[in-house]
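J.: sequence first, predicted coordinates after that:
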Amino acid sequence: MRHEHHHHDIVVIGGGLAGVCGAIAAARLGSRVALVHNRPVLGGNSSSEVRVWVCGATAHGVQRFARESGIMGELYTENQFRNPEGNPYYWDQVVLDAVRAEPLIDLYLNTDVREVEADGPEDARAVRSVTGWMMGSERVLTFTGEQFLDCTGDGLVGHLAGARYRLGREARREFGEPWAPEEADGALLGSTLLFYTKKADRPVKFVPPSYAKDLATTPILRNRVLRTGDNGCDYWWVEWGGELDTVHDNERIRDELSAVIAGIWDHIKNSGEFDADDLVLEWAGSVPGKREYRRFAGDHVLTQQDILEQRQFADRIAFGGWSVDLHPVQGMYAEGPGARQRYANGVFHIPLRCLYSANVGNLFFAGRNISATHIAFGATRVMATCATLGEAAGTAAALCVAEKLSPRTLATEHTDLVGQVLLRQDASVMGVANTDPADLARTATRVTASSHLRRLAAEPAPGDGCEPFALERDIGILLPVDPALESVDLLVSAAGGADLTVELWGTLLPENGVPLERLAGTRVAVPPGGPGWVTAPLPYRPASPANVVLVVRAAPGVALYLVPDRTEGVLALRRKADGDAAVDHDIPEERGQPLVEWSARELRRRSFCFRVSPETSAFAPTKAVGGYQRPYGGPQMWVSQTTAGSGRGSEHLQLEWDGEQELRTVHLVWDDDVDEYLNNLHRHRTPFEVMPELVRDYRLLARTADGGWRTAAVVEGNRRRHRVHRFTDEPLRTTALRVVVDATHGAPRAHLFAVRAYRD
């Protein structure tokens, strides 16, 4: 047996997506990081050992413009390119490669941390070291550091360090949460095992093992739906252990789940109720995917109200969009539905004060163990959200090391610092504007472009037909208004003529995309026949750029028209009607949820035919230095007017300064369509290996002293949203920068969210 000691600036324990993103974020900011994980592969519940789909703020495509950026965004899009078939082993490789790309990360797999040295009084403790056993290597490793991140999920490190935590459900009176029970209890969300099946080229028998559960002795057959085409997380409801201790009873829970999986497959193969002769069980998990255990106490405890009211925090460092998604304590044996869900009207925000211990001064945490009530945890627990929390925690820890600050001091006395650094790294923050005084792009005296999109419209191309959409239900068109709206034209037909009710609705918050506040309405006469254009006068001038929803009420015998193209900054919505599928099959939806009532999923990448008057400034060149790097109260990006790449140098954005600048770093944030829902194992299949909106080929030019232009960088085949160009050996000395777009991955125009420029 060998004993080793390793010192790092930051020690991250747990290599799920939260720990992975935390380690990468800290390393990119210059910290030496140990990433310690007790399994042979990274990824936690998303790994090939467990195979849970990575879900996040998009909520299976329910939320608008909500896909994560930052490190989680990089993992999503890299997997989309490398792994279009959703192979779980390829996903492992994507995650491992991302860690190995960082020279400041030392990775320790198969290392189970089970000892923690910590000292100090109960309300002011500090972690000194953690010690783990590296399985298969007979090595005992002790890690010391300045900051520690508990990303273990179960929270063992924090527990051993003496960090305060919660376990189970809070009483309703403690936080006033409507969904909380009257009295506190120890109920948890249970654990799950998953399985995959495939079709063979001949009949395949299945002889059930002795431990297979007879489903006829359980409530499963009458309360859950079995399908031969379902795989993986389609069987999320195979869940148990909420009435037990999901850690100490882990082996018992695994055995029960294994028995039920064998029973499900026995029923499908041998009951005679399914066409399953040629189906074979390809893979079944042996490591339960845990949902819930310890939740640490931070300086803020996130609550149900924080989520559903979309409370904005000065120290917000990440956002989520998943529903408050809670399951019955009996799991798969419950008589009622397997889940209860409630969505906010848009994304919700999470503050930094939820990511560090209230009583251990150098302990951060990220993932499902953050400071939240059981109810709020129901929304924050999904892995892509956990990953963004990991990036935020790793960023904060690196700043604590660099600036010699405690987590509490960083959060309360340097409130803007973490958010600004996260934004500089293009992390998943919403509504945080760039106020970085070091960003020279903000000081540019002129920001111009070869062109920009001025007309907001979706019209049939000459000679092309368009698809009629019968107004048997209300429809909506999400539109940016910048600076004003006067009228909207709609392409309509009506066999016998009709009156059309058209309304304008506000979204209340810039991050929302559903109609929540009626602003105006009108009735429009539609002549017989068509299709033809009709005009709805709806004058509106918001105090600042905003999203609105044009609502067209159902009208028998009337049709609008769809084109198979999307318009930048615009979404087509349809109102839910009887017979529509639920967001998640087999989960009944509660009424009164606007986000679910107005769906964009079915019409994504299509547009109702419309024309807006007057021209818009929503895509002006100044948006690239406007402070936002994703849609927020409008698209917040420069979009060219003509086709990108129609000729070399035909489309460009230009920043000019009155005096010469010395630039060593230039950041570009391109559009990779954060409205497109991605999933690591492809529950939803998008046809794009690279998002069409992303710029593929571009050049960065600097103006020379004689007024000419020097090529500073040439990029071909770009697949990254966030590109950083460094000129450390020979800084750019120039009075102007020009970003030239030569080609996209398929979109007809160039899209650019942000340009940043720095002396360092």
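T.: The structure has been received and is ready for your questions. Note that this is a predicted model, so its numbers are computed, not measured. Numbering: from 1, shown residues only.
J.: other SSEs contacting whatever helix or strand Leu96 lives in?
T.: Element membership of Leu96 [criterion: DSSP states H and E] is helix 88-100. Applying 3 or more Cβ pairs under 8 Å, 6 or more residues apart in numbering; DSSP states H and E, one finds that helix 88-100 contacts helix 17-28, helix 70-82, strand 105-108. C-beta: built from backbone N, CA, C; applies to glycine.
J.: try it again at 6 Å.
T.: Packing contacts for helix 88-100, counted by 3 or more Cβ pairs under 6 Å, 6 or more residues apart in numbering; DSSP states H and E, involve helix 70-82.
J.: angle of the helix it packs on against helix 88-100?
T.: Per axes from the mean of the first three to the mean of the last three Cα atoms, to 10 degrees, the angle that helix 70-82 makes with helix 88-100 is 140 degrees.
J.: now the helices for the stretch 501-650 of the chain?
T.: For the stretch 501-650 of the chain, applying DSSP state H, counting those that start in this stretch gives helices covering 594-597.
J.: can you list the weak-confidence ranges in it?
T.: Within the stretch 501-650 of the chain, the segments meeting pLDDT under 70 span 643-649.
J.: give me the low-pLDDT residue ranges for the protein?
T.: Within the chain, the ranges that satisfy pLDDT under 70 run 643-649.
J.: helices along that one, start to end?
T.: With DSSP state H, the ranges of helices along the chain come out as 17-28, 70-82, 88-100, 156-161, 172-175, 220-223, 250-270, 304-308, 374-380, 383-403, 407-413, 415-424, 594-597.
J.: pick the most buried one from these.
T.: Mean neighbours per residue, mean count of other Cβ atoms under 10 Å, is largest over the helices of the chain for helix 17-28, with a mean of 31.
J.: okay, angle between that one and helix 88-100 too, please.
T.: Relative orientation of helix 17-28 versus helix 88-100 (the same axes, to 10 degrees): 30 degrees.
J.: hmm, back to that, and Ala713, which of the helices of the chain is closest to it?
T.: helix 415-424 (18.9 Å; Cβ to Cβ).
J.: what's the closest one in contact with?
T.: Ala314, Asp315, Ile317, Leu352, Thr395, Ala396, Val429, Val432, Asn434, Asp436 (Cβ atoms under 6 Å, 6 or more residues apart in numbering).
J.: CA-only coordinates of that helix in PDB, if you can.
T.: What follows is helix 415-424, C-alpha atoms only, in PDB (Å, rounded to 0.1, in the frame of the first residue of the first chain):
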ATOM      1  CA  THR A 415     -21.500  40.600  -5.700                       C
ATOM      2  CA  ASP A 416     -20.900  41.500  -9.400                       C
ATOM      3  CA  LEU A 417     -17.500  39.900  -9.700                       C
ATOM      4  CA  VAL A 418     -18.600  36.200 -10.200                       C
ATOM      5  CA  GLY A 419     -21.400  37.100 -12.600                       C
ATOM      6  CA  GLN A 420     -19.100  39.300 -14.700                       C
ATOM      7  CA  VAL A 421     -16.400  36.600 -14.900                       C
ATOM      8  CA  LEU A 422     -19.000  34.000 -15.800                       C
ATOM      9  CA  LEU A 423     -20.300  36.200 -18.500                       C
ATOM     10  CA  ARG A 424     -16.800  36.700 -19.900                       C
END
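J.: tell me the angle it makes with helix 70-82.
T.: Using the same axes, to 10 degrees, helix 415-424 lies at 20 degrees relative to helix 70-82.
J.: from the chain's centroid, how far away is helix 415-424?
T.: Here helix 415-424 is found 18 Å from its chain centre; the criterion is Cα atoms, centre = their mean, to the nearest Å.
J.: over to stretch 719-736?
T.: With Cα atoms, centre = their mean, you get 28 Å for stretch 719-736.
J.: who's in contact with the helix holding Leu96?
T.: Counting by Cβ under 6 Å, 6+ apart, 20, 41-43, 47-48, 51, 78-79, 83, 105, 107, 680 sit against helix 88-100.
J.: do the same with stretch 684-701
T.: Residues outside stretch 684-701 that contact it (Cβ under 6 Å, 6+ apart): 81, 84, 670-673, 676-677, 709, 711-716, 718-719, 738, 740-747, 751.
J.: mind listing what's buried along that stretch?
T.: Across stretch 684-701, burial judged by 16 or more other Cβ atoms under 10 Å covers 686, 688, 690-701.
J.: beta partners for Glu503?
T.: Judged by DSSP bridges, the bridge partners of Glu503 are Gly521, Val551.
J.: centroid-nearest residue for this protein?
T.: Note on the chain: the residue nearest the mean C-alpha position is Glu68, at 3.3 Å, using Cα atoms, centre = their mean.
J.: quick check: it touching Val54?
T.: No: contact criterion Cβ atoms under 6 Å: Glu68 and Val54 do not qualify, at 9.6 Å.
J.: what's the overlap in contacts for those two?
T.: Here Glu68 and Val54 have Ala384 as joint contacts, going by Cβ under 6 Å, 6+ apart.
J.: the closest residue to Cys55 other than its chain neighbours and Ile477, how far apart?
T.: Spatial nearest neighbour of Cys55, chain neighbours left out: Val382 (4.5 Å); criterion: Cβ to Cβ, 6 or more residues apart in numbering. Distance of Val382 to Ile477, computed by Cβ to Cβ, to the nearest Å: 29 Å.
J.: then Glu4?
T.: 62 Å.
J.: of those two, who's got more company?
T.: Neighbour count, other Cβ atoms under 10 Å: between Glu4 and Ile477, Ile477 has more, with 24 against 12.
J.: hang on, isn't the more buried one packed against Val551?
T.: No: if you go by Cβ under 6 Å, Ile477 and Val551 don't touch, sitting 8.3 Å apart.
J.: contact partners for Thr303?
T.: Phe175, Glu177, Thr373, Ala376.
J.: returning to that earlier point: out of the contacts of stretch 684-701, list just those in strands.
T.: With DSSP state E as the criterion, strands contain 670, 709, 711-715, 738, 740-744, 751 from among the contacts of stretch 684-701.
J.: name the nearest residue to Gln312, sequence neighbours excluded.
T.: Nearest to Gln312 is His349, by Cβ to Cβ, 6+ apart, at 5.7 Å.
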